[in-house]
Structures are given as C-alpha cells and as structure tokens.
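A.B. asks: What follows is a protein structure lacking sequence information:
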C-alpha cells in the first residue's frame, strides 16, 4: 500500500527570464523542466540555475505552484 503523503514529489520548474508577465496565457517562450524533490529535506520552493533553449543562456528556474 502507498501512503498519501509520499516524501518524493514531482515538481515543475519554470524559466523566470523568458516568461511574459503581462499576459496570463502560456507563450511558446516559456520553458519548463520536470524533476523530483524530497519534501522533508526541502520544504521551501526550489530554485535552480539551468539552461533555457529559448533564451540561449543559463537562467534561474523556480518551482511552480500546484
């Protein structure tokens, strides 16, 4: 049996430099990574520096709300 509150959760990371803040819709410039994190070890939102193929540079990716 699986427990309801697993320690490892799948999260989505979104590029902060190529998002369009004015429009609420998803633009083709938004790039997302999916990864897993341990909820017990990292209870805060995750921030990683990864490569964005739309910006052509390394930028900060923040965890999305779910």
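C.D. replies: It's in. Bear in mind the structure is a predicted one, so any value in this text is a computation, not a measurement.
A.B. asks: Every contact and neighbour count from this point should use C-alpha atoms.
C.D. replies: OK.
A.B. asks: Setting aside sequence neighbours, what's the nearest residue to residue 12?
C.D. replies: Nearest non-adjacent residue to residue 12, counting by C-alpha to C-alpha, 6 or more residues apart in numbering: residue 34, 4.5 Å away.
A.B. asks: same deal with residue 13?
C.D. replies: residue 63 (4.5 Å).
A.B. asks: from memory that neighbour sits against residue 49, does it?
C.D. replies: No: look at residue 63 against residue 49 with C-alpha atoms under 8 Å: they stay out of range, at 11.7 Å.
A.B. asks: Between these two, tell me which one has more neighbours.
C.D. replies: residue 63 (19 against 11; other C-alpha atoms under 10 Å).
A.B. asks: contacting residues for residue 7?
C.D. replies: By C-alpha atoms under 8 Å, 6 or more residues apart in numbering, residue 7 lies in contact with 38, 39, 40.
A.B. asks: of these, buried ones?
C.D. replies: Among these, none is buried by neighbour count (16 or more other C-alpha atoms under 10 Å).
A.B. asks: for the most centrally placed residue in the chain, which residues make a bridge with it?
C.D. replies: Central residue of the chain (C-alpha atoms, centre = their mean): residue 13, 1.0 Å from the mean position. Counting by DSSP bridges, residue 13 is bridged to residue 33, residue 63.
A.B. asks: Quick check: the gap between it and residue 32.
C.D. replies: The gap separating residue 13 from residue 32 is 5 Å, by C-alpha to C-alpha, to the nearest Å.
A.B. asks: Now residue 41: which helix or strand?
C.D. replies: Counting by DSSP states H and E, there is no helix or strand that carries residue 41.
A.B. asks: Please tell me how far it sits from residue 7.
C.D. replies: As for residue 41, its distance to residue 7 is 9 Å (criterion: C-alpha to C-alpha).
A.B. asks: any idea which of the contacts of residue 7 is closest to residue 59?
C.D. replies: Minimum distance to residue 59 across those is 22.8 Å, recorded for residue 38 (C-alpha to C-alpha).
A.B. asks: Brilliant, that's me finished.
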